[in-house]
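[1] the following comprises the amino acid sequence and a computationally predicted model.
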Amino acid sequence: ELKVEQNPLFLSMQEGKNYTIYCNYSTTSDRLYWYRQDPGKSLESLFVLLSNGAVKQEGRLMASLDTKARLSTLHITAAVHDLSATYFCAVDALKTSYDKVIFGPGTSLSVIP
Amino acid sequence: NAGVTQTPKFRILKIGQSMTLQCTQDMNHNYMYWYRQDPGMGLKLIYYSVGAGITDKGEVPNGYNVSRSTTEDFPLRLELAAPSQTSVYFCASKRGQTYSGNTIYFGEGSWLTVV
C-alpha cells in the first residue's frame, strides 16, 4: 500500500528566507505531482514530475524528484507572503495500467512579513 | 471552458439519509477521481475510474458507491449518511496515464455536513 509523507507539516517562515518541503513515498513510482491549496479553495496544480532527476521551476518554487530515494522536494526561494498556503504532493500508485493517485498530508506554510 | 463541475456546492444531510454528489467534466478525460478532505487534513481517495464502465476502490471506499456510465459523468453515492462523512468532497479528472504528462484537474468541491 502506497504511503506518502510530507515534512514539515507546519512551516512558519520569514519573508525573504529559503526553505524546502520534503515528500517521501513508500513504493516505486516515478510520477509525482505538487499542488497548492488556499483556505476554502480547490487545488491548484504546480508541477508534474515524470522521471528520476526531473526538476521544474516556476517563480520562487522549484520541485525535484529522486525516484531512487523515493523523495521529492519543493524548494522555496526568497519567500513572500503570497506563498502562504497548504502544499500537497501526490504520487501515482501504478496498478497494472491504472493510475491511483495518493496524496500526502500537506504542509501548511505561513510566510510572515 | 467549464472543466470539472461538481454539484451541489453545499449540502446538509440528516443521519441515515442518502444522496448523490454529481461530477461532470467536459475535457473528454478518461480518468476520474473522488477524494474527501476532512478539516485540516489531506485528501483521501474514495473511488476512481479509468474509463466508462470501470471503477475501483481507493483508500476509504466504505459508505460510498460510484458508477461511470459515460466518459463525462462520475457520480458519488452516499448511502445511510453518518457524521463521519462530514467532509469536503473533490472530484478530479485527467486525460490519460501520467506518462503523458497530464496534470489532474479538480472541481471546486462539495461541502457536506451530516447532522
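    Alright, I've got the coordinates. Residues are numbered from 1 along each chain as shown, chains lettered A, B, ... in the order given.
[2] now residue 30, nearest residue through space, not along the chain?
    Here I'm looking at chain A. Distances taken as Cβ to Cβ, 6 or more residues apart in numbering or on different chains put A:Thr67 closest to A:Asp30, at 4.5 Å, once the chain neighbours are dropped. Every C-beta, even on glycine, is put in place using the N, C-alpha and C of the backbone.
[3] wait, chain B
    That would be B:Gly51: by Cβ to Cβ, 6+ apart, it lies 5.0 Å from B:Asn30.
[4] let me see the contact set for the residue nearest to A:Asp30.
    Contacts for A:Thr67 (Cβ atoms under 8 Å, 6 or more residues apart in numbering or on different chains) come out as A:Thr28, A:Ser29, A:Asp30, A:Ser51, A:Asn52.
[5] try A:Ser64
    So A:Ser64 contacts A:Leu49, A:Gly53, A:Ala54, A:Val55, A:Lys56, A:Ser72, A:Thr73, A:His75 (Cβ under 8 Å, 6+ apart).
[6] for chain A, see how far away B:Ser87 is.
    14 Å (Cβ to the nearest Cβ, to the nearest Å).
[7] quick revisit: let me have the contacts of A:Ser64 in a markdown table, extended by pLDDT.
    Compiled in a markdown table, the contacts of A:Ser64 are given as follows (pLDDT from 0 to 100):
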| residue | pLDDT |
| --- | --- |
| A:Leu49 | 91 |
| A:Gly53 | 85 |
| A:Ala54 | 88 |
| A:Val55 | 93 |
| A:Lys56 | 94 |
| A:Ser72 | 96 |
| A:Thr73 | 98 |
| A:His75 | 98 |
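[8] and which of these is nearest chain B?
    Closest to chain B out of those is A:Leu49 (9.6 Å), distances taken as Cβ to the nearest Cβ.
[9] burial count for the closest one?
    24 (other Cβ atoms under 10 Å in any protein chain shown).
[10] and the pLDDT at B:Pro8?
    On pLDDT, B:Pro8 comes in at 97.
[11] wait, it sits on B:Gly109?
    No: assessed by Cβ atoms under 8 Å, B:Pro8 is found out of contact with B:Gly109, at 10.7 Å.
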